[in-house]
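J.: Build me a structure from this.
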Amino acid sequence: MNQPPLMSPGTFLAIWFATLFGTIAVALIVWRVERRPLFKPRFPDRELEESWCSGMSTSGLMGAMGWANNCLWIVLARDTLHAGVHFPFSLFLPRFLIGFDVHIPVSAIRAVDKETSFLKGTRLKVTYERPGSLPGVVRTERLELRPRGDRLFEELRARVAERSTTRATR
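T.: Residues are numbered from 1 along each chain as shown. I've put the predicted structure just below:
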C-alpha cells in the first residue's frame, strides 16, 4: 500500500523559510523594543579591546551552565569593563538567559583572578558587586572570560590594585 507524502518538498521549504525569517523578525523587534544596539557599540574611551572570546556570567538565568564559546567581545574603557555578544549570536541569546551585555564599573570590581585548568584552559575570573533588586542589597556576581592574551588580566588587576590602594589611603 503506497501512501502519498504528508507534505510536498515545496511546502516544507516554504514553512522552513517562513519560520526562519519569522524568528529573525521577532528577535529584531525585541532588540528594538529594548533599545539595545544590534552590533558592538563604539566606546570612545576604550583602552583595550578583544573580540571573539569565550566566557560565562553568573547574572543570567542559565548562570554557570551557559558558556558562550568564541562569540564575545570585551572592551576595557577608562572606568568600565564592557562585555557582550557579537551579532548574529546576540539575536538569539537574550540578556536574561546568559547574562551578557554587562557594563561593570572598575570601582565595583572586587577581585580579578587567573585560573588555569587542563580542560578549561586559562580563564580570567572577575568578581564584582552590583545593586540588588531591593534597596540596600548588594549582589556579588562573577564573570569568567577567556581572552586571547594576558594583557586584559594585567590591566584589570593593576586597576583594581590601584583603586584599593587609593581607597585605603583615604
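
J.: and the gap between residue 48 and residue 12?
T.: Relative to residue 12, residue 48 is positioned 48 Å away (C-beta to C-beta, to the nearest Å). Glycine gets a C-beta too; all of them are placed from N, C-alpha and C.

J.: Which one's more surrounded, the two?
T.: Neighbour comparison, residue 48 and residue 12: the larger count goes to residue 48, with 16 against 12 (by other C-beta atoms under 10 Å).

J.: longest single helix anywhere in the protein?
T.: Secondary structure of the chain read by DSSP state H shows that its longest helix is helix 9-33.

J.: got the contact list for the very next helix or strand once past it?
T.: Note on helix 9-33: by DSSP states H and E, the next helix or strand toward the C-terminus is strand 46-57. With C-beta atoms under 8 Å, 6 or more residues apart in numbering as the test, strand 46-57 has contacts from 40, 64, 66-78, 83, 86, 98-100, 102, 141-149, 151-152, 155.

J.: Among these, name the buried ones.
T.: In those, burial by neighbour count holds for 40, 66, 68, 71-77, 83, 86, 98-100, 102, 141-147, 152, 155, counting by 16 or more other C-beta atoms under 10 Å.

J.: Okay, and which of those residues map to strands?
T.: 68, 71-77, 83, 102, 141-146 (DSSP state E).

J.: Go through those residues and name the one nearest residue 163.
T.: residue 76 (13.7 Å; C-beta to C-beta).

J.: which ones are touching the nearest residue to residue 101 once chain neighbours are set aside?
T.: Nearest residue to residue 101, sequence neighbours excluded (C-beta to C-beta, 6 or more residues apart in numbering): residue 84, at 4.6 Å. Listed by C-beta under 8 Å, 6+ apart, the contact set of residue 84 reads 40, 72, 73, 90, 100, 101, 102.

J.: can those go into CSV with extra columns for distance to residue 160?
T.: Formatted as CSV, those follow (distance: C-beta to C-beta, whole Å):
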residue, distance to residue 160
40, 24
72, 21
73, 21
90, 28
100, 21
101, 22
102, 16
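
J.: I am finished for the moment; much appreciated.
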